[in-house]
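Enquirer: Kindly generate the corresponding structure for this input.
(3 chains)
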Amino acid sequence: MNAAVLMPGATGSAAASRALDTGLWVFIGVASTLFGLFLTAYVMRMDGADWSTIALPPQLWLSSGLLLGGSVLLQRASAAAKGARWPAVQTLLLAGGACAMAFIGVQLWAWQSLLAARVMLASNPAASFFYVLTALHGLHVLGGLIAWAATMPMVSQPSDPAGVARRVALCARYWHFLLAVWVVLFAALGWLTPDVVRFICGRG
Amino acid sequence: MAIALVLLVIVVGSVLFHLVTPWWTTPLASNWKQMDDTLTITLAVTGFFFVVINLFVVYTVWRYRHREGQRAAYEPESKRLERWLIGLTTVGIIGLLAPGLAVYADYVRPPADALQLEIVGQQWQWRYRLPGASGKLGGSDARFVSAVNPLGLDPADPAGQDNIVILGNEVHLPLGRPIKVLLRSHDVLHDFFVPPFRARMNIVPGQVSTFWFTPTQPGRYESLCAQLCGVGHPNMRGFVVVEDEATFQAWLKQQPTFATTLAAVAAPSTGARAGADALAEQGRSLAQTKGCVACHTVDGSPGVGPTWKGLFGKTETMADGSTALVDDAYVKAFIRNPQARAVKGYAQIMPKIDLTDDELAALTSYIRSNGSASIDKAQR
Amino acid sequence: MIYADADSQHHAPQTFITKYVWSQDHKVIAVQYASTAILVGLVGLVLSNLMRLQIGFPGVFAFINAERYYQFVTMHGMIMVIYLLTALFLGGFGNYLIPLMVGARDMVFPYMNMLSFWVYLLSVIVLMASFFVPGGPTGAGWTLYPPAAILPGSPGFEWGIILMLVSLLIFIVATTMGGLNYVTTVLQARCEGMTLLRMPLSVWGIFVATILALLAFPALFVSGVMMLLDKTLHTSFFMPAVVSLGQVTNYKGGSPLLFQHLFWFFGHPEVYIVALPAFGIVSDLISVHARKAIFGYRTMVWAIVVIGGLSFVVWAHHMFVSGMNPWFGFFFATSTLIIAVPTAIKVYNWVLTLWRGDIHLTVPMLFTLAFILTFLSGGLTGLFLGNVSVDIPLSGTYFVVAHFHMVMGVAPLLVVFGGIYHWFPKVTGRMLDDRLGQFHFWVTFIGTYLIYFPMHYLGVLGMPRRYYNYEHYQFIPASAYTLNAFITVVALTVGVAQLVYVYNLVWSTFRGQKADANPWRAASLEWATPNTPPVHGNWGARLPVVYRWAYAYSVPGAPKDFIAQDAPPEAGGQEPEPYERPKEAPA
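Expert: Coordinates of the predicted model:
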């Protein structure tokens, strides 16, 4: 076993942002486990005789686009922050947050259209999972928006440019994580059927 | 040094305890001797480690207790020793696992010619089903469960018509034949466990689980429910009677088939039964489906709760010494709020069961029909 | 190389509220966690005594009816496993020891650390509230298996189960917040010279346990959310078509086994979340009180990591008779018996540390020796239960109850006691009373052994667990009832003895004999703070620098029988493989 080597030359605020960096990775690990376990439950429940797939509301394509847009904007904000172009950072960060908020709005619209088609939470297990998975993902987006709201005031005239730039980068990373989770959820909800599962598990 | 002495006493005491303990496995009544043998092997190996390591600790604590002027040795590691210990332990583990898995390989493969026994668990009673002449069991589903069909058998399935249905909690089995047990439930998890048989399995609503064994000793065995299933869990007792083939067949012939139980219900009532008796008949089925019969008998035999034979009209004694006349009001109040009072001599474990007012009236009518002739005669 | 830290300019809190209530100081938060956990643990202890009253003297105590009995069983189990042991080891010991042992000023996210305690406290309040709702708390067993847990027939199926699940979800949020702190602090905030392989095993145990917690609690979260939805909104995640006490319900298609898989995917790592910190702490207690380096430090680290990893692939040994696919039994029996190997190595190494040591029979050492005996006993009975075919007749009996109490209740609890006796002088600057400590030790150790050792035999006999009474069962001999009565009397005695311990804690905090800065002459870094008890910021103006591992005891040629971690490099006592300093170290 090799001895871990500490990073030399650390200053106070850099140590703090290294901590935030690690902390976010750990949280991403935890959240990935959470979503992974829900998906495992989804696959296992699919085995039941009463499974019927539900049609995904078309609003999901719009919300996916918004989430993708948000990621792109956040990534550009992060790059701008590294280059200390703070007015650009403000605009891009604001736009990225707006995309996330719009995402949640469109998700709620998708729920509303399902409810109008009388597909309720307890109607069938596929519907149950749809609501639970999208709700859980939406809550994580809301959590991200809280961190975003804390970061927004920092990007106008930052007193610690390097530190704030790192924070913006972390927001961007979290946005990308939520996008990646959403892609997997969307694919699972839309295309992971009992036949696919049986094929993978080798029980044709 | 007290600690070294106490540790020594504990080790010696534990071994002695094991040698004289009256509590060990019940006498084996099935083919699963291999399970007992593997238990013995495990005991021997673990017992050896327990004694050797603890005695080593006892010696070490005594020998290396702090004394002025002594210092500890400095030997922070020894790769060689570690490798030996890992190797030895691995050998020990394999020695335990191999026989265990070998037995398990037998456990998961029931013999092809086994007699099928279906056990249906319900809060809080056991019922059974055996195949009839055709040798096949019919289908079942929760949607068929009703007062007259508590096992939920599919009435349209021809294979089920000749199935032997046993609605009481005692089943008989032939000696020496492998039995493949199929376990079902329509409500919650249960587990049919007869310790002398060793083999058992949880019952999971929504699926059929199985295990197998061959009874090798005649006798009447108690079964326990071994998976927590609510407040009636400890009372969910069944009986398995193991007897020779001839006696078993004779018993089997006396049991109703599914078709018979359906026909008995469909047959029109005789002239004497009408009106109030129909209400009591409804109450009788409710007593079955709501689980009352798990604790209350109607033939006077003792149960978890007071028997209903002769109950109505009697003067019952409460746990606090007061008395009460068992009339309509008493019965209804008791069913609606079972925890409000305790009857002397009985554990206060009656659960609150949901009943509509009509159902309550029917059940009360049934209890009344089992009681004494007149409410005025409080003689018992 | 200078590890300057911005926090040395950070102002210490001034008011009573910011110092002791809304405190972001890890030491205060640790005491808050520990005190809450111990208080709620006393509730769990009383519940266990009530259970034993019924088991030992069935029917004598009329107020313990079947409903209440199952409620006591359930709340006792959940409180002890989650709200006492997990919170105490991670939130209590973890919070206190990690920054001090790695040379940090505090946890890396102090505000979130503070929040994690208050969220934990909220979860405790919600749990206790379930005693006061209609129907009372849930009585479905700490495992909360559906369908029974949310159907009539189980106590608390109306409100109690909802509060239980909500409380668990809140607890998981608290644990995640704390866990992020512990992991990130260990990875990022170690002082100069403190490599991962110079950290004491207490930190390793808590660190790996925290990783387990972060990855395993999500499974409980998933199952909790799904059961809550099944109960409140009538989804059918776990509920098949059920006819409950004569009523047809509108559930269908769900799988009770899905709950069990999720629950035990959490539940097995959970027992290691409790055990690994205990392993780490006991290694340190042995080293200090036997004046000898822990034998095979790196193997011990390896074993902790391997046990942690393997703990995720053994879960279905709790489900051998569950009705799951029988072929899984082969895999899980094998993985379970494999995990026995690194665990056995740890036991050997503890014993080999004592061998040729200089054993001081202090109260912490007494608890350590008792731990070795009881953990060995409990671990060995695990081999019975892990071996699938031996498990079949033992599952659901008192053998299981005896096993898990010995290995999770008795052994780690002995480490808790030993650890508190050991670090009390650090936390308060005073010693715990020695005579009360000896009394507490002897009664607890001998008492718990007398309770749980014979209990195994009742399980072999076939006596089932979670039974309110055993009336009318012919195969249970009268002697078993006598044994149960005996066990109850011992349990009540041990219960009362814990009050002596609580009294000792409280009295010694205010009147205990004043302690030196390092009364046990330990080498690890937490004892090297300039103040005892340590003040805000822990280390004064400069962070410590470390030159060796934490186990430099009885080094040949050294003037004293220990060399502190932060003593100058010339003092020697390097770990077996010396740390290679990077070549370009600046002045």
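Enquirer: From now on I want contacts and neighbour counts done on CA atoms only, so please keep to that.
Expert: Fine.
Enquirer: pLDDT score for residue A:4?
Expert: On pLDDT, residue A:4 comes in at 28.
Enquirer: most remote residue from chain B's center?
Expert: residue B:69 (63.9 Å; C-alpha atoms, centre = their mean).
Enquirer: can you give me the helices for chain B?
Expert: B:2-20, B:33-63, B:79-107, B:245-254, B:258-266, B:276-289, B:328-336, B:357-369 (DSSP state H).
Enquirer: The ones you listed: which one's closest to chain A?
Expert: helix B:79-107 (14.1 Å; C-alpha to the nearest C-alpha).
Enquirer: Pull out the buried residues from that closest one.
Expert: B:82, B:85-86, B:89-90, B:92-93, B:96-97, B:99-101, B:103-105, B:107 (16 or more other C-alpha atoms under 10 Å in any protein chain shown).
Enquirer: All the strands of the chain, in order from the start?
Expert: Went with chain A since none was named. Remark: no strands are assigned in chain A by DSSP state E.
Enquirer: ah, no, chain C please
Expert: C:243-244, C:247-248.
Enquirer: Let me have the ones you listed in JSON lines, extended by distance to residue A:125, mean pLDDT and mean neighbour count.
Expert: Shown next, in JSON lines, are the strands of chain C (distance: least, C-alpha to C-alpha, whole Å; pLDDT from 0 to 100; neighbours: other C-alpha atoms under 10 Å in any protein chain shown):
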{"stretch": "strand C:243-244", "distance to residue A:125": "19", "mean pLDDT": "88", "mean neighbour count": "22"}
{"stretch": "strand C:247-248", "distance to residue A:125": "19", "mean pLDDT": "83", "mean neighbour count": "16"}
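Enquirer: Nearest to chain B among the ones you listed would be which one?
Expert: Judging those by C-alpha to the nearest C-alpha, what sits closest to chain B is strand C:243-244, at 5.4 Å.
Enquirer: Tell me the strands beside the closest one, with direction?
Expert: Within its sheet, strand C:243-244 is paired with strand C:247-248 (antiparallel), according to DSSP bridges.
Enquirer: Looking at chain A, which helix is longest?
Expert: Longest helix in chain A, counting by DSSP H: helix A:12-45.
Enquirer: List the contacts of the closest residue to chain C within the stretch 151-300 of chain B.
Expert: Per C-alpha to the nearest C-alpha, residue B:230 is where the stretch 151-300 of chain B lies closest to chain C, at 4.3 Å. If you count contacts by C-alpha atoms under 8 Å, 6 or more residues apart in numbering or on different chains, residue B:230 has them with B:123, C:139-140, C:148, C:153-155.
Enquirer: tell me which of those is nearest to chain A?
Expert: For those, the nearest to chain A is residue C:148 (19.1 Å; C-alpha to the nearest C-alpha).
Enquirer: Spatially nearest residue to that closest one, not counting backbone neighbours?
Expert: Of all residues not flanking residue C:148 in the chain, residue B:188 sits nearest, at 5.3 Å (C-alpha to C-alpha, 6 or more residues apart in numbering or on different chains).
Enquirer: and that neighbour, how many neighbours?
Expert: 30 (other C-alpha atoms under 10 Å in any protein chain shown).
Enquirer: show me the contacts for it.
Expert: B:122-123, B:204-205, B:229, C:146-148, C:242.
Enquirer: got CSV for those residues, with pLDDT and neighbour count too?
Expert: Formatted as CSV, the contacts of residue B:188 follow (pLDDT from 0 to 100; neighbours: other C-alpha atoms under 10 Å in any protein chain shown):
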residue, pLDDT, neighbour count
B:122, 90, 29
B:123, 87, 29
B:204, 96, 26
B:205, 95, 30
B:229, 95, 29
C:146, 95, 25
C:147, 95, 28
C:148, 95, 25
C:242, 93, 26
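Enquirer: anything in the longest helix of chain A near chain C?
Expert: Yes. Using C-alpha under 8 Å from any C-alpha of the partner chain, helix A:12-45 comes into contact with chain C via A:12-13, A:15-16, A:18-19, A:22-23, A:26-27, A:29-30, A:33-34, A:37-38, A:41, A:44-45.
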